[in-house]
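K.L.:
coordinates only, no sequence provided:
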């Protein structure tokens with residue numbers, strides 16, 4: 001498997017830039033963010049603005065809120081940058097949600113939002129609370145299949161699971177994370193097609209849960225940049241979208 005960005009055979013399938021791309025962020029607590037966060041979605045928006053331009057893409061999705069830890073619900077609009085446009089805050093991400101939860105709803109969401117590129121970061125919550133690695137991989141395959149029923153030409157970029165602090169003291173959990181990432185790579189290789197390419201992004205370069213997260217799991221500012229960079233670089237290298245990620249890896 002290539003270390004640079006993908007295990008897809010469609011790495012040369014450049015996306016036409018005369019048609020606006022419609023991005024949908026799909027993820028768990030690392031993607032939705034909590035009140036006060038910038039989120040890696042915000043970093044990706046900045047990257048797309050700088051490299052694609054406002055007329056070349058749209059961010060879509062049924063949700064816009066952050067997770068409010070005091071209310072224990074996704075009710076917050078307090079992003080780290082209040083200038084983050086409402087239209088760019090859209091997503092399909094949820095605190096405590098994984099492949100298990102997203103597979104049943106992705107077809108309807110893709111149909112409703114007309115998304116054509118999915119940026120997906122899921123799996124850690126599944127492995128931590130809901131399903132083992134084989135079951136989680138099966139749900140990832142079901143997700144891809146369901147998304148294609150709504151858009152047969154959907155493109156997907158999937159991020160491997162980044163083991164969190166639990167993996168340092170829980171060897172069986174760490175092993176399940178590693179096994180799932182192997183199974184996810186197999187799923188990408190099996191399901192990638194010329195008409196609906198699937199990329200497996202490389203793990204974020206230099207990601208350190210002790211310095212890039214605020215609690216061993218959820219990204220802080222530098223972690224947000226690294227996550228956005230993993231997706232941005234995969235798309236640029238495989239499809240010619242935008243450019244290499246140039247977001248500053250510095251605490252905001």
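P.N.:
Nice, thanks for sending it over. Bear in mind that the values here come from a model prediction, so they are computed numbers and not experimental data.
K.L.:
residues contacting residue 227?
P.N.:
By Cβ atoms under 8 Å, 6 or more residues apart in numbering, the contact list for residue 227 reads 30, 40, 43, 121, 159, 204, 207, 219. C-beta: built from backbone N, CA, C; applies to glycine.
K.L.:
again with residue 107
P.N.:
So residue 107 contacts 146-147, 149-150 (Cβ under 8 Å, 6+ apart).
K.L.:
how about 10 Å then?
P.N.:
143, 145-151 (Cβ atoms under 10 Å, 6 or more residues apart in numbering).
K.L.:
of the contacts of residue 227, which is the nearest to residue 67?
P.N.:
residue 30 (10.9 Å; Cβ to Cβ).
K.L.:
and for residue 98, nearest residue in space, chain neighbours not counted?
P.N.:
Closest residue in space to residue 98, ignoring its immediate chain neighbours: residue 126 at 3.7 Å, by Cβ to Cβ, 6 or more residues apart in numbering.
K.L.:
is it true that the one you found lies in a strand?
P.N.:
No - assigned with DSSP: H, G, I helix; E, B strand; the rest coil, residue 126 falls outside any strand and is helix.
K.L.:
what separation do you get for residue 243 and residue 148?
P.N.:
28 Å (Cβ to Cβ, to the nearest Å).
K.L.:
between these two, which one's more packed in?
P.N.:
residue 148 (19 against 14; other Cβ atoms under 10 Å).
K.L.:
hang on, that one packs against residue 197?
P.N.:
No - with contacts defined as Cβ atoms under 10 Å, residue 148 does not count as touching residue 197, sitting 11.4 Å away.
K.L.:
where do the contact lists of these two overlap?
P.N.:
Common neighbours of residue 148 and residue 197 (Cβ under 10 Å, 6+ apart) are 154, 156, 191.
K.L.:
among the residues you listed, who's most crowded?
P.N.:
In the shared contacts of residue 148 and residue 197, the most neighbours by other Cβ under 10 Å go to residue 156, 24 neighbours.
K.L.:
quick check, that residue in a strand?
P.N.:
Yes - assignment of residue 156 by three-state DSSP places it within a strand.
K.L.:
quick one: contacts for it?
P.N.:
Applying Cβ under 10 Å, 6+ apart to residue 156 gives the contacts 8, 24, 26, 117-120, 140, 143-144, 147-148, 188, 191-192, 196-200.
K.L.:
let's see that with 7 Å instead.
P.N.:
118, 120, 144, 147, 198-199 (Cβ atoms under 7 Å, 6 or more residues apart in numbering).
K.L.:
one more: residue 119?
P.N.:
Contacts of residue 119 (Cβ under 7 Å, 6+ apart): 23, 25-26, 157, 231.
K.L.:
ok, now with 6 Å
P.N.:
25, 157, 231 (Cβ atoms under 6 Å, 6 or more residues apart in numbering).
K.L.:
now do the helix or strand that contains it: distance to the chain's middle.
P.N.:
In this assignment (DSSP states H and E), residue 119 forms part of strand 117-121. Relative to its chain's centre, strand 117-121 lies at 5 Å (Cα atoms, centre = their mean, to the nearest Å).
K.L.:
try stretch 123-134
P.N.:
That offset, for stretch 123-134, works out to 16 Å (Cα atoms, centre = their mean).
K.L.:
now it: buried residues?
P.N.:
Within stretch 123-134, the residues that count as buried by 16 or more other Cβ atoms under 10 Å are 123-128, 130-131, 133.
K.L.:
show me the helices in the stretch 1-150 of the chain, by range?
P.N.:
29-32, 40-51, 99-102, 106-113, 124-125, 133-150 (DSSP state H, counting those that start in this stretch).
K.L.:
dump the ones you listed into a markdown table; add distance to residue 91 as well.
P.N.:
Shown next, in a markdown table, are the helices of the stretch 1-150 of the chain (distance: least, Cβ to Cβ, whole Å):
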| stretch | distance to residue 91 |
| --- | --- |
| helix 29-32 | 7 |
| helix 40-51 | 6 |
| helix 99-102 | 11 |
| helix 106-113 | 10 |
| helix 124-125 | 16 |
| helix 133-150 | 15 |
